[in-house]
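> Predicted model follows, preceded by the sequence.
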Amino acid sequence: MIRCGLHPILRPRLLLLILALFGLTACGVRFVDSFNGTELFRKLELTGDFLPGKPLTVTVTVTQAYPLPVEVACMYEDSSDLTKDQKKIVFPERATTVGTVTLPASPGTAPGDKKKVEPQEYSFEFTVDQPGDYFIACLTPAATENGIGTSFTVDKP
């Protein structure tokens, strides 16, 4: 006789997977396909020809609502060519800096208060000499987990 359905061993595992997915949504985890930014970083755009030696421009949009000045640094690395030892070093110490800017203090506002703070754009131009898979991020060096980044590929000419 032929029976349809899951193997008896797989049934409990499937049930656990379904319960875990529902549990994640109950804990505040959401699966979304858009990004609304962080308290400071709103958007990062990378434009250019994506060929070795050709200029690329990174533009970062920020909303500075902190009562103190905040330094922002944009940096990149060739992620396709990292050794095991290089991977042990934190990104800001191994990456190449493209540009930095110190955002002036914004007294009378609070982080996340986007309605009172006008977005500002900063652009930095740079070139990459070798083809490869790269990663670029703009972050606050004082708190490197506060940042925004993207991967990009520089093709062979």
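Received, thanks.
> Enumerate every residue touching residue 108.
67, 116 (CB atoms under 8 Å, 6 or more residues apart in numbering). C-beta: built from backbone N, CA, C; applies to glycine.
> just residue 130 next, same as before
Taking CB under 8 Å, 6+ apart as the criterion, residue 130 is in contact with 52, 78, 81, 154.
> Taking those, tell me the two that lie furthest apart.
Farthest pair in those (CB to CB) is 52 and 81. Separation: 13.5 Å.
> Mind checking which of the two has more residues around it?
Shown here are residue 52 and residue 81; by other CB atoms under 10 Å, residue 52 has more neighbours (15 against 11).
> May I ask which helix or strand of this protein has the lowest mean pLDDT?
helix 10-26 (a mean of 56; mean pLDDT, DSSP states H and E).
> Tell me the helix or strand right after that one.
strand 41-48 (DSSP states H and E).
> how about the helices of the chain, start to end?
10-26, 84-87, 91-94 (DSSP state H).
> Just give me the neighbour total for residue 87.
11.
> What about residue 97, how many residues nearby?
For residue 97, using other CB under 10 Å, the count is 13.
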